[in-house]
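Trainee: Provided below for reference: sequence and predicted model.
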Amino acid sequence: MQKKNKVMLAAAIGMVAVIIGSTAVRCSIAHTVEENAQNEAQAPVESIVQDAGGADAAETASATDTSEEMAKMLQGNVWQAEGAPEKTIEFRDRSFVESDGSSVKLTVFDVKEAGEGNGQKHLDIDFMREGDPYTTPASIIVEERDGALTVASDAFAVESRYVQGKPAGTAPTRASSTARRASSPRPSAPGAQRTPPPPPPPPSTARCTWTCAAGA
């Protein structure tokens with residue numbers, strides 16, 4: 001009887017060991033599966049973050065290029081009101097000066113964003129005129145109309161739109177130069193024969209005839 005009890009006790013101990021071992025294996029497998037799931041979930045998130053960062057960097061670089069291109073375009077041209085060339089605007093670094101022919105107005109601005117689309121380029125700005133206590137948002141828009149550039153903005157004080165003009169002292173056009181050359185006398189070519197002037201009229205014989213008749 002005692003021997004039988006020992007056998008049963010040993011079997012029970014073995015059963016407990018098997019249960020504990022299988023439980024440990026299941027826990028290890030579950031932990032491994034959980035770690036793999038977390039790693040797999042983390043990888044797409046990191047990829048999305050990297051892609052978003054690359055897209056933001058590309059967009060920022062594009063906006064910077066557009067801003068610099070527009071700055072060169074605005075500062076490198078003469079701008080005047082259509083039909084009123086005495087009204088002008090001159091762009092400088094983060095500012096522009098408008099004139100109506102008798103007075104000038106200065107406006108300063110900061111560029112917030114730049115972009116382009118639908119045949120237009122734009123600068124989103126915060127501007128401040130002389131005497132303003134705060135800045136105001138607006139956009140400067142450049143586009144081409146009838147073969148000439150135009151610039152428009154709610155920030156302008158004299159005119160809402162200006163067109164691309166010609167700088168002072170612009171060389172005359174080819175048509176006007178051709179017309180002027182056509183109206184000028186052309187010098188004779190070397191060696192060309194000249195038409196001789198007509199001979200003088202013969203001397204009058206009326207006096208001689210009267211004198212001879214009187215002497216006779």
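Mentor: The structure has been received and is ready for your questions. Numbers count the residues shown, from 1 in each chain.
Trainee: ok, the nearest residue to R161 once chain neighbours are set aside - how many residues close by?
Mentor: Among residues not flanking R161 along the chain, A152 sits closest, at 4.2 Å (Cβ to Cβ, 6 or more residues apart in numbering). (Glycine included, C-beta is placed from N, CA and C.) A152 has 18 neighbouring residues, counting by other Cβ atoms under 10 Å.
Trainee: pull the longest strand from this protein.
Mentor: strand 104-117 (DSSP state E).
Trainee: which is the next helix or strand following that strand?
Mentor: strand 120-129 (DSSP states H and E).
Trainee: what's next to that following strand, contact-wise?
Mentor: Residues outside strand 120-129 that contact it (Cβ atoms under 8 Å, 6 or more residues apart in numbering): 66-67, 69-70, 73, 105-116, 134-143, 155, 157.
Trainee: what about 7 Å?
Mentor: With contact meaning Cβ atoms under 7 Å, 6 or more residues apart in numbering, strand 120-129 is reached by 66-67, 70, 105, 107-115, 135-143, 155, 157.
Trainee: What average pLDDT does the longest strand of the chain get?
Mentor: Averaging pLDDT along strand 104-117 yields 95.
Trainee: in that strand, what's buried?
Mentor: Neighbour-count burial for strand 104-117 flags 107-109, 111, 114-116 (criterion: 16 or more other Cβ atoms under 10 Å).
Trainee: That one packs against which elements?
Mentor: If you count contacts as 3 or more Cβ pairs under 7 Å, 6 or more residues apart in numbering; DSSP states H and E, strand 104-117 packs onto helix 2-75, strand 95-99, strand 120-129.
Trainee: Could you name the helices and strands sitting against the second one?
Mentor: So the one you mean is strand 95-99. strand 84-92, strand 104-117.
Trainee: so can I have CSV of the buried residues of strand 104-117 showing distance to N77?
Mentor: Output for the buried residues of strand 104-117, formatted as CSV (distance: Cβ to Cβ, whole Å):
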residue, distance to N77
T107, 18
V108, 20
F109, 18
V111, 18
A114, 17
G115, 20
E116, 17
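Trainee: one step back: distance to G147 for the helices and strands packed on strand 95-99 - can I get that in JSON lines?
Mentor: What follows is the helices and strands packed on strand 95-99, written out as JSON lines (distance: least, Cβ to Cβ, whole Å):
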{"stretch": "strand 84-92", "distance to G147": "18"}
{"stretch": "strand 104-117", "distance to G147": "19"}
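Trainee: My read is that I89 contacts V104, right?
Mentor: No - with contact defined as Cβ atoms under 7 Å, I89 does not reach V104; the gap is 10.0 Å.
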